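# got a predicted structure here, sequence first:
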Amino acid sequence: MRTLHRPSARVALAASLGSLLLGCSVPGLPVTDDADRAPRPAPAGGPAPSPTPGADRTRELLGLVRVVARRPDVPGYDRECGADGGCVFGTEWSDDTDAPDGHNGCDTRNDVLGASLRDVRYSERSPDCDVVAGTLDDPYTGARIDYATEGSQIHVDHLFPLAAAWDLGAAGWTPAQRARFANDTALELVAVDGTANLQKGDSTPASWLPPAKAYRCTYVTSYLEVAHAYDLAITDADVRVIEPVLRKSC
């Protein structure tokens, strides 16, 4: 069994990621896994709420990120990587990027699962990568999901949706920069409940927040960390939603 980096390194890595992108021309966003099921209640007692990052950091990030009046509709977004697809963020869950955990011999989805689940077990044929069991305490809903029986219901979400990133700056990046962003296990990716992820779609905080209110401060702060590190814009409407979260939850 191997030891993987936990996504909790987001804040520490934000500054270094920003410096990697320094000098790159980045004008302005979403992606989901697939599943369809009824929402489940959290188990009795439920997982302990994630510690919040604190209002100071959230307020600092609000002062650092670019804010635009509204999200533009930038043409050209196409995630399809078939013969006729634009494949603008590269092959899904590719290990062939310079993102954190890139070139480690394991696809990005399994990297995130291995770092996010409790009591992780791997297959015998791929003992350092292929996750076959574990438990997810879903940050978005508070639900507890067993990977061995409901693995397809666990999605890997892009905190800053790829479609939104395209509109808010990423359309001007190089393909390599977009592939890195789409596979950034340190800042941008989180294992979550599939139904909540489908409900989120390509929404920014202006129109979607996690149902678990205890996680909302962490969510908006992480969203702002991604925006700051990659010089992606947020909208006035996002700010109007984030500020009350900052006051009530951080």
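Arrived safely. Keep in mind that this is a model prediction, so the values were computed, not measured.

# so Val74 touches Trp166, yeah?
Yes - under the criterion of Cβ atoms under 8 Å, Val74 makes contact with Trp166 at 5.9 Å. C-betas here are computed from N, CA, C, even on glycine.

# okay, these two: which has more neighbours?
Applying other Cβ atoms under 10 Å to Val74 and Trp166 shows that Trp166 carries more neighbours, namely 29 against 17.

# below-threshold pLDDT in this protein: ranges please.
1-52 (pLDDT under 70).

# show me where it has its strands.
For the chain, strands defined by DSSP state E occupy the ranges 67-68, 118-122, 131-137, 144-146, 154-158, 189-193, 234-235.

# which of those sits closest to Phe181?
strand 154-158 (8.4 Å; Cβ to Cβ).

# output that closest one as CSV - backbone C-alpha positions only.
What follows is strand 154-158 as a C-alpha-only set of coordinates in CSV (Å, rounded to 0.1, in the frame of the first residue of the first chain):
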residue,chain,number,x,y,z
ILE,A,154,-18.3,8.7,-6.3
HIS,A,155,-17.3,11.5,-8.8
VAL,A,156,-14.1,13.5,-9.0
ASP,A,157,-15.2,17.1,-9.2
HIS,A,158,-13.3,20.1,-10.6
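
# on contacts alone, who are the packing partners of it?
On a contact count with 3 or more Cβ pairs under 8 Å, 6 or more residues apart in numbering; DSSP states H and E, strand 154-158 meets helix 108-116, strand 189-193, helix 194-200.

# 10 Å - rerun?
helix 108-116, strand 131-137, strand 189-193, helix 194-200 (3 or more Cβ pairs under 10 Å, 6 or more residues apart in numbering; DSSP states H and E).

# of these, which approaches Asp84 most closely?
Per Cβ to Cβ, nearest to Asp84 of those: helix 108-116, 24.1 Å.

# which non-adjacent residue is nearest Ser123?
Asp130 (4.1 Å; Cβ to Cβ, 6 or more residues apart in numbering).

# wait, isn't that neighbour in contact with Glu124?
Yes - contact criterion Cβ atoms under 10 Å: Asp130 and Glu124 qualify, at 9.0 Å.

# more neighbours, these two?
Asp130 (16 against 8).

# quick one, what contacts the more buried one?
The contact partners of Asp130, by Cβ atoms under 10 Å, 6 or more residues apart in numbering, come to Cys106, Asp107, Asn110, Leu113, Gly114, Arg121, Tyr122, Ser123, Glu124.

# if you set the cut-off to 7 Å instead, what comes out?
Residues in contact with Asp130 (Cβ atoms under 7 Å, 6 or more residues apart in numbering) are Asn110, Tyr122, Ser123.

# can you tell me how far it is from Ala229?
Taking Cβ to Cβ, to the nearest Å as the measure, Asp130 falls 30 Å from Ala229.

# likewise Lys200?
20 Å.

# between those two, which one's more packed in?
Per other Cβ under 10 Å, whichever of Lys200 and Ala229 has more neighbours is Ala229, with 26 against 22.

# was I right to think that one contacts Glu188?
No - in this structure Ala229 lies outside contact range of Glu188 using Cβ atoms under 7 Å: 8.8 Å.
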